[in-house]
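*Asks:* Pasting the sequence and the predicted model now:
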Amino acid sequence: MYSLVHVKRQGSILGIEIDNPPVNVFSQQVRFELREAFIAAAADSAVEAVVLFCVGKTFVAGADISEFDLDSIPQPDPNDVFEAIEAMHCPVIAALHGSVLGGGLELALACHYRVALASTRLGLPEVTLGVIPGAGGTQRLPRLAGVEAALDIMTNGAPVSAQRAYELGIVDIVVEDELFAAAFDLARAVIESAKPLRVVSTMPLDKRQIPEGFFDRCRNSLPKVDRGGRAAREIVDCVETGLTLPFGAALERERTAFNLCKNSSESVALRHLFFAEREAARIPGLGSTKVERRIETVGVIGAGTMGSGIAMNFANAGIPVMLVETNDQALKRGLSLVRKSYEASAAKGRITLEQVEKRMALIDGSLAYADIADRDLVIEAAFENMEVKQTICRQLGEICKAGTIIATNTSSLDVNVLASASGRPTDFVGMHFFSPANVMKLLEVVRGDKTSSQVITSVMTLAKKIGKVSVISGVCYGFIGNRMLEGYLREAEFLLLEGANPLQIDRAIEGMGMAMGPCRMIDMAGVDVAAKVVLERQRAGGLPDDPAYRSVVRELFARGRFGQKTSIGYYRYDGRTAIDDPELGALCAELAERHGIVRRSAISDEEIVERCMLPLINEGARILDEGIAYRAGDVDVVWVNGYGFPAYKGGPMHMADVMGTHTILSRLSHFATSRGNEYGYWTASDWLTRRARATNVAS
């Protein structure tokens, strides 16, 4: 008896239905039942057509990724299922809706025709998991969409709309509604036409449309293998060899490449992140019952770069938002920033001019707090000053309606202090957006000591609605990301004092995969911004008693070297081009002499990477010790989505697993000896020590 696949007859047309909630994953059991259903249909001469569809919110949304950890894919293989479909004596029509991704699209491509709802998204995103389509995707998609379009879809991993899929020939019919009626109508039309079946695997590939040197140019445009580009390059190779190999041999070549990628360190890291992002949305201790507050209107205090970017997130999701400023000039400037950003997106073809106006109509402005009193969520996005933020939170607590969620966008300040100032700590939460807020995916949701579970679940649900990857953090200085950043930046500055220059440090860190080195990063974000965070922490008594600590950024700030905005910071700038500045070296030599730090003539790239990464990992471990983050994967999600840590390395805590705890402890001990450990910079966390002991016991 079938449990996940059901058969329904309408005259001579057989409906085969997949019901594997929540997203109809193409699991082993689904494959088994689906193959059996098609074998039975093939044996039934009364069946003149088959319509394949899924119940629920989506067609098959992908493969069972947990199977990737196995040595081989459990039988039946997806290709066995597709072979059974292509061997049918009658047409098979796939009725597509929701997300038709990965194995779901490969399944649809094995059918003879495809009908899709207009809202459907289709794609082969396997490259985002460090693998390639492993069940005919690299061979069937080029036969329908053409080689160039197919490669674009597969190597960037982004889904396309149903309309675009129709234009490319992937989908035969697009309908606004009544999907199943349209699929059955097509089945009847194909039966009546008596045309030969369209079997995609037998369609020829038109080599004449491929310009000379195309594949080499395509490979050259992709990241190198050691920078996470292995899977994308294998996709190109599979498509190219598919031009000369028989279809069966091309499938074997594809599966070999899939297995090669599946077992790579990049794919292991990317799959770790895939599951970590999903786990981050699960909040321990809440149980299955989730009562949420309705968030249909939003207010944002502050129309600067951050506030205007935050407002755009909500307008993009169709949520009305009110920007509040202290004066008309600042408000007009903020609204102008929003319009310029939208118009720039329209100029690049990302949105239409109609969408620009629609989103702008959702953003209003005001100079009066009273105008946001009835909002469901209000976020303060003032500059990073405790007194200013306390004043704002106090006012919000007084004027907002009962049940309003009051949030702070602080990047480092004590959320509990701000919650207390509001007078409504159970309604208060941190919502730390990353700049630019309308672009960056990460949202740290900071749970205060008295924040209600209802508020947390409401904000986490909202984060998903506005397209954010959200992670819960407890309250501490800098939360998860910025707290870990301090040790990383501390060592980058000590390396400068010891004789390294910004260019060498940035190249070494970028060489290990970070999107941007620490010196370039601070120059871009603003030396003044970074220095004020250090000075605010010093004022609050949170700095170590080390006069050399972050002395470089403080001195640059004192000298008015604010980074790109002043054309001089760690570097000099010609436009946006960073140029090595000898004056920075002289400044660092002066600071080294002042603080008794010995200068060296040579510092290796290996030492730079270790000196910056080990404190990052160690502080992440301390965060786990203290319960600031629930899981090691949460820390990785923060750093990959908010700080440019390379996804193909899985995040700092995944990196720690790869390096091995004993190796990390050994290197921390080495630097404690060679650099000194007066301030505890190199003291290993209890979390790392416990893991090392557990490893010893296990072995």
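*Replies:* Sure, I can see it. Residues are numbered from 1 along each chain as shown.
*Asks:* So which helix or strand of this protein has the lowest pLDDT on average?
*Replies:* Lowest on mean pLDDT, DSSP states H and E among the helices and strands of the chain sits helix 686-698, with a mean of 86.
*Asks:* buried ones in that helix?
*Replies:* Across helix 686-698, burial judged by 16 or more other Cβ atoms under 10 Å covers 687-688, 691-692. Every residue, glycine included, has its C-beta placed from N, CA and C.
*Asks:* do the same with stretch 22-38
*Replies:* Quick answer for stretch 22-38 (16+ other Cβ under 10 Å): 23-27, 29-38.
*Asks:* Stretch 254-274 too?
*Replies:* In stretch 254-274, counting by 16+ other Cβ under 10 Å, buried: 254-255, 257-259, 261-262, 264, 266-274.
*Asks:* Go ahead and name everything in contact with the helix or strand Ile456 falls within.
*Replies:* Per DSSP states H and E, Ile456 falls inside helix 453-465. Residues outside helix 453-465 that contact it (Cβ atoms under 8 Å, 6 or more residues apart in numbering): 281, 283, 285-286, 290-293, 295, 317, 319, 377, 405, 407, 426-429, 431, 443, 445, 447, 469-470, 472.
*Asks:* quick one, strands of the stretch 451-600 of the chain?
*Replies:* Ranges of strands in the stretch 451-600 of the chain, per DSSP state E, counting those that start in this stretch, are 469-473, 572-574, 577-579.
*Asks:* Quick one: list the elements packing against the longest one.
*Replies:* It refers to strand 469-473. helix 265-280, strand 442-446, helix 453-465, helix 632-642 (3 or more Cβ pairs under 8 Å, 6 or more residues apart in numbering; DSSP states H and E).
*Asks:* do you know which of those lies nearest Asp528?
*Replies:* Checking the helices and strands packed on strand 469-473 against Asp528 by Cβ to Cβ gives helix 632-642 as the closest, at 20.9 Å.
*Asks:* Retrieve the pLDDT associated with Gly287.
*Replies:* According to the prediction, Gly287 has pLDDT 62.
*Asks:* now swap in Gly467 and tell me
*Replies:* 95.
*Asks:* re the thing from before, with distance to Ser45 as added columns, please give the buried residues of helix 686-698 in TSV.
*Replies:* Below are the buried residues of helix 686-698 laid out as TSV (distance: Cβ to Cβ, whole Å):
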residue	distance to Ser45
Trp687	66
Leu688	67
Arg691	63
Ala692	67
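*Asks:* quick revisit: among the buried residues of stretch 22-38, which one sits closest to Tyr477?
*Replies:* Val23 (39.1 Å).
*Asks:* Please report the distance of Ile235 from Glu167.
*Replies:* 22 Å (Cβ to Cβ, to the nearest Å).
*Asks:* Counting neighbours, go ahead and name the busier of those two.
*Replies:* Ile235 (29 against 14; other Cβ atoms under 10 Å).
*Asks:* How far does the helix or strand containing the more buried one sit from its chain's centre?
*Replies:* Assessed by DSSP H and E, Ile235 sits inside helix 230-241. Centre-to-centre, helix 230-241 and its host chain are 24 Å apart (Cα atoms, centre = their mean, to the nearest Å).
*Asks:* and that helix with helix 265-280, angle?
*Replies:* Taking axes from the mean of the first three to the mean of the last three Cα atoms, to 10 degrees, one finds helix 230-241 and helix 265-280 inclined to each other by 120 degrees.
*Asks:* Quick check: pLDDT value at Asp69.
*Replies:* Looking at Asp69, the pLDDT reads 88.
*Asks:* Please tell me how far it sits from Ala257.
*Replies:* For Asp69 relative to Ala257 (Cβ to Cβ), the value is 18 Å.
*Asks:* go on, Ala94?
*Replies:* In terms of Cβ to Cβ, Ala94 sits 26 Å off from Ala257.
*Asks:* ditto for Asn220
*Replies:* From Asn220 to Ala257 the distance is 19 Å (Cβ to Cβ).
*Asks:* helices or strands up against the helix or strand Cys261 falls within?
*Replies:* If you go by DSSP H and E, Cys261 is part of helix 247-262. Under the contact criterion of 3+ Cβ pairs under 8 Å, 6+ apart, helix 247-262 touches helix 137-145, helix 230-241.
*Asks:* hmm, try it at 6 Å
*Replies:* Under the contact definition 3 or more Cβ pairs under 6 Å, 6 or more residues apart in numbering; DSSP states H and E, helix 247-262 sits against helix 230-241.
*Asks:* okay, now the domains of the chain?
*Replies:* 5-262, 298-473, 481-627+660-698 (automatic domain parsing).
*Asks:* Can you give me the end-to-end span of the first one?
*Replies:* By Cα to Cα, to the nearest Å, the extent of domain 5-262 from end to end equals 28 Å.
*Asks:* Same check on the shortest one?
*Replies:* Its start and end residues considered, domain 298-473 measures 22 Å (Cα to Cα).
*Asks:* Might you quantify the distance of it from its chain's geometric centre?
*Replies:* Distance, centroid of domain 298-473 to centroid of chain: 21 Å (Cα atoms, centre = their mean).
*Asks:* what helix or strand does the closest residue to Asn438 other than its chain neighbours sit in?
*Replies:* Once flanking residues are discounted, Asn438 sits nearest to Met312: 3.9 Å by Cβ to Cβ, 6 or more residues apart in numbering. For Met312, the enclosing helix or strand under DSSP H and E is helix 305-316.
*Asks:* Good, wrapping up.
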